[in-house]
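# Build me a structure from this.
(chains A and B)
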Amino acid sequence: MDEQFTAVLRPHLPYLPEDRALAPGDQLRELGLNSMQAIEVLFALEDAYGAAIPDDKLNDHTFETAGNLWEVVAQSREKAGEPR
Amino acid sequence: MTTTLVTPEPSATGARPQDRTTPAATSPLNLRASSAVDPAALADVLATAREHAPSADADAAFPTAVLDRLRTTRLLGLVVPTRYGGPGGTVDDVLAVSHALSRECTSSGMIFAMHSQQVEAVVRYGPPRLAEQLLPRIARGEVYLASVTTEVGNGGYLLSAGEAVENLGDTLRVRRMAPVVTGGEYADGYLISMRADAEAAENQVSLVYADAKDVTAEPLGGWNPLGMRATRSIPMRFDGAVPNGNVIGGPGRFREIVTETFGPLAHLGWSACWLGTAAGALARTVAWLRSPAERKRQDLTSDLLRSRLSHIRQRLDLVHALIAHGTAVYKAAQSPQAAPYQLLMNAVKLTASQECLAAVNDLIELAGMRHGYLKNSELVLERAVRDLRSAALNYSNDRLHAVDGAMALLDSEVRFA
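This next block holds a predicted model:
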């Protein structure tokens, strides 16, 4: 998880204390991410990393923890260079 | 507020336009295709349908390339039981494939759905000798069946026929004109409804199988409609003699076949196709809205946009739920003669024909002139709305409402199937 990832996510996590870093095991829903915001987070991440996150990754598991979401972003970023 | 995140089906969601080289392996109908459908075979047919849909629509040409792939992949024999060399596919499989095909090309979906409905009639009611000869050929992809059940001026009503079968001893003379025969010029065999014999009343109707080699099939006109252009649903005249063992279900039994099989399968199959057309249109539109370029131009937090998308999606979920329930009731087949059963099957068709058209109409409103209305838009909403405009006419909704009104009066308890 890099700094940019945390910076994109933080505005959508109202219950993450300002002085605490985001950890891979953090439950995103407990930190205040809801389904209305999930789509905003998705777009913000895609814009930030120039990657397209595949539809089949848009599931509960991906949005469960910060680490899961980061993993999907990282995978999509690797693929972004490949011709689609 | 719910915190449950939306979980799309892995293989079936509308991908971005540039990702569409990887077609859905299964349909998003709950009635998912079973192992009877080879995912690679389906992907092959879907890719062909996608490639040829624009030219088939522009030229009002039958999708022969798709039919070829349906033959070589043997999907044409999907419902043929294993004992006749088929994969033994079910109604769920037919609906799943019809739906998936219609996401790419509604005409191809309808051609497949109606052919499969004909095959199912042969499977369920065909005399043993005919079944043994015909079904293995269908399983091998050699026979595309067309339906010859329309009469001039009857709006699709199936249960009366003017011209009669003529008994010549070993053979039956089959001579009849039909105003609408989908894909008739490309068929290898026909299921033809006719009055059971010269003395029979108009409502004593038989269903007769005619192999293309046994009859002349003469086109009587062309086909230049608003939508469903690739179905090539032309008027034709048939004349020939077929073996007298070719009467499906026995003389005068077409009514049972319609009530038990043709009617429900037609309504479920068409509805699965129309849902596919609308679902494909929504998938393409959502992919477009979500593309990085477009979401810079659009405000995806707009209440109006989200409300429109919600209403469109609601229409499709309504149709999907009705198809799923109708299919479950069809498979249970408790009392196909009962009013609640027939009202349900008609409601599936009526609702799908209205809601799928309305959904695509709403999508055009949402996408606007350039992306929603132009023929060369990659969202292809223009073709979808033309295709779906036929849904209310494809067995007239007015006629169904007249029947439903009468049945509603019969069912004073208001029971539900």
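# Next to chain A in this structure, residues from the stretch 251-400 of chain B, please.
Counting by CB under 8 Å from any CB of the partner chain, the residues of the stretch 251-400 of chain B lying close to chain A are B:290, B:292, B:295, B:300-301. C-beta coordinates here come from the backbone N, C-alpha and C atoms, glycine included.
# and if we set it to 10 Å?
Proximity of the stretch 251-400 of chain B to chain A is confined to B:283, B:286-287, B:290-292, B:295-296, B:300-301, B:306 under the rule CB under 10 Å from any CB of the partner chain.
# Need the three-state assignment for the residue nearest the centre of chain A.
With distances taken as CA atoms, centre = their mean, the residue of chain A nearest its centroid is A:Leu69 (4.5 Å). For A:Leu69, the secondary-structure state derived from DSSP: H, G, I helix; E, B strand; the rest coil is helix.
# cool, B:Val181 as well?
Assigned state for B:Val181: strand (three-state reduction, three-state DSSP).
# The residue nearest to the centre of chain A is in contact with A:Thr6, isn't it?
No: when contacts are counted by CB atoms under 10 Å, A:Leu69 is not listed as touching A:Thr6 (11.1 Å).
# rewinding a little: local confidence estimate at the residue nearest to the centre of chain A?
With respect to pLDDT, A:Leu69 scores 96.
# ok, the nearest residue to it once chain neighbours are set aside - contacts?
In this structure, A:Leu69 finds its nearest non-sequential neighbour in A:Thr62, 5.7 Å apart by CB to CB, 6 or more residues apart in numbering or on different chains. For A:Thr62, the contact set (CB atoms under 10 Å, 6 or more residues apart in numbering or on different chains) comprises A:28, A:38, A:42, A:53, A:56, A:68-73, B:5, B:7.
# Check the residue in the stretch 51-200 of chain B positioned nearest to chain A and give its pLDDT.
In the stretch 51-200 of chain B, the residue found nearest to chain A is B:Arg103; the distance is 14.5 Å by CB to the nearest CB. At B:Arg103, the pLDDT value in this model is 97.
# Okay, and it sits in which element?
Take DSSP states H and E as the rule and B:Arg103 turns out to sit in helix B:91-104.
# Same check on B:Ser206?
strand B:205-211.
# And B:Asn376, by the same measure?
In this assignment (DSSP H and E), B:Asn376 forms part of neither any helix nor any strand.
# my read is B:Thr216 is in a strand, agree?
Yes: read with three-state DSSP, B:Thr216 is one of the residues of a strand.
# Show the subsequent helix or strand relative to the worst-scoring helix or strand of chain B on mean pLDDT.
Sorting the helices and strands of chain B by mean pLDDT, DSSP states H and E puts helix B:292-297 at the bottom, at a mean of 89. Helices and strands here follow DSSP H and E; after helix B:292-297, the next one along the chain is helix B:303-332.
# helices or strands up against that next one?
helix B:91-104, helix B:263-290, helix B:339-368 (3 or more CB pairs under 10 Å, 6 or more residues apart in numbering or on different chains; DSSP states H and E).
# Measure how the last one sits relative to helix B:303-332, angle-wise.
In this case it means helix B:339-368. Taking axes from the mean of the first three to the mean of the last three CA atoms, to 10 degrees, one finds helix B:339-368 and helix B:303-332 inclined to each other by 150 degrees.
# Buried residues, helix B:339-368. List them.
Of the residues in helix B:339-368, those with enough neighbours to count as buried (16 or more other CB atoms under 10 Å in any protein chain shown) are B:339-357, B:359-364, B:366-367.
# same check, this time on the second one
When burial is assessed from 16+ other CB under 10 Å, helix B:263-290 yields the following buried residues: B:263-290.
# Distance from the chain centre to it, please.
Centroid displacement of helix B:263-290 relative to its chain, using CA atoms, centre = their mean, to the nearest Å, is 11 Å.
# and it, what does it pack onto?
Contact partners of helix B:263-290 among helices and strands, from 3+ CB pairs under 10 Å, 6+ apart: helix A:35-49, helix B:91-104, helix B:106-125, helix B:292-297, helix B:303-332, helix B:339-368, helix B:381-389.
# CSV for those, including distance to B:Ala49?
Below are these laid out as CSV (distance: least, CB to CB, whole Å):
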stretch, distance to B:Ala49
helix A:35-49, 30
helix B:91-104, 4
helix B:106-125, 5
helix B:292-297, 26
helix B:303-332, 20
helix B:339-368, 18
helix B:381-389, 13
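# if you compare the ones you listed, which one is most tucked away?
With neighbours defined by mean count of other CB atoms under 10 Å in any protein chain shown, none of these is more surrounded on average than helix B:91-104, at a mean of 28.
# Which other helices and strands does that helix contact?
Using 3+ CB pairs under 10 Å, 6+ apart as the test, helix B:91-104 ends up in contact with helix B:39-59, helix B:64-72, helix B:106-125, helix B:263-290, helix B:303-332, helix B:381-389.
# any weak-confidence spans in the chain?
I went with chain A, as the question did not name one. Regions of chain A meeting the criterion pLDDT under 70 cover residues A:81-84.
# The intended chain is chain B.
Low-confidence regions of chain B, defined by pLDDT under 70, span residues B:1-31, B:153-159.
# Domain map for it?
Under automatic domain parsing, the residue ranges defining each domain of chain B are B:17-139, B:145-248, B:254-410.
# could you redo these as JSON lines and give each row distance to A:Glu46?
Shown next, in JSON lines, are the domains of chain B (distance: least, CB to CB, whole Å):
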{"stretch": "domain B:17-139", "distance to A:Glu46": "14"}
{"stretch": "domain B:145-248", "distance to A:Glu46": "36"}
{"stretch": "domain B:254-410", "distance to A:Glu46": "6"}
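# For B:Glu202, give me its contacts.
Per CB under 10 Å, 6+ apart, neighbours of B:Glu202: B:151, B:159-162, B:164, B:195.
# What subset of the residues you listed is buried?
Buried positions within those, assessed by neighbour count (16+ other CB under 10 Å), are B:151, B:159, B:161, B:164, B:195.
# Show me which pair in the residues you listed is furthest apart.
Comparing all pairs in those by CB to CB, the longest separation belongs to B:Leu159 and B:Ala164, at 15.0 Å.
# what about residue 66, neighbour count?
By default, I'm working from chain A. The burial count assigned to A:Ala66 is 23, neighbours taken as other CB atoms under 10 Å in any protein chain shown.
# let's do chain B instead
Using other CB under 10 Å, B:Val66 has 27 neighbouring residues.
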